[in-house]
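Q: need a structure here:
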Amino acid sequence: MNRVSLIILYDSDRKYLLQHRTKDALRIPDYWGFFGGGIKKGESIIDTVFREAQEEIGYQLREPILVYEQPFVLSNKEQSITQSKDKGYMYVFVEKLFGKKDNIKLNEGQSFGWFTLSETKSLKIMKHDRKVLSYIDNVLFN
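A: This is a model prediction of the structure:
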């Protein structure tokens, strides 16, 4: 089972930072999703989210808050190489952006963008990620 720690940065305009994965990504190619990645052996979920934010967007997290966790399953159509279903467990952290958006530098994926919850409806996003975004939007702003 894959265990992943994910970070969702948000701003005061209720926009969320999402990554557009490359078309040749091992998992969920060409989908929009969250920054983050696999938890290494001996690494905590919080250590992973700090490391992944630095590696993927050159961003130093300050106080990420664990707000959501759930199991997930990627089917064959959502993977480019694996032939069987890929099961995992996600830990989702949020943090309000500190500093300027210009300081974010894409190091993984084909692009990134800031989107309101309603703007994400036109993006190719996993069903479970949509659920996470709705939940987080409700927790943060309602």
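
Q: next, the buried residues of stretch 105-115.
A: 109, 112, 114-115 (16 or more other Cβ atoms under 10 Å). Using the backbone N, CA and C atoms, a C-beta is placed for each residue, glycine as well.

Q: if you could redo that for stretch 35-54, that was the one I meant.
A: 35-37, 39, 45, 48-53.

Q: among the residues you listed, which are located in helices?
A: Here DSSP state H is the test, and the buried residues of stretch 35-54 give 45, 48-53 as lying in helices.

Q: closest to E119 among those residues?
A: Among those, A53 lies closest to E119 (Cβ to Cβ), at 22.3 Å.

Q: tell me the contacts of the closest one?
A: Applying Cβ atoms under 8 Å, 6 or more residues apart in numbering to A53 gives the contacts 7, 35-36, 59-61, 64.

Q: which two from these end up farthest apart in space?
A: Most distant of the contacts of A53, by Cβ to Cβ, are G36 and Q60, 14.9 Å apart.

Q: restricted to strands, list the contacts of A53.
A: 7, 35-36 (DSSP state E).

Q: could these be laid out in a markdown table, adding distance to F72 and pLDDT?
A: Shown next, in a markdown table, are the ones in strands among the contacts of A53 (distance: Cβ to Cβ, whole Å; pLDDT from 0 to 100):
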| residue | distance to F72 | pLDDT |
| --- | --- | --- |
| I7 | 16 | 98 |
| F35 | 16 | 97 |
| G36 | 13 | 96 |
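
Q: how about TSV for the residues you listed, with distance to D13 added?
A: As requested, the ones in strands among the contacts of A53 are exported to TSV (distance: Cβ to Cβ, whole Å):
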residue	distance to D13
I7	18
F35	19
G36	22
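
Q: just confirm E95 is within a helix.
A: No. Counting by DSSP: H, G, I helix; E, B strand; the rest coil, E95 is not part of a helix but strand.
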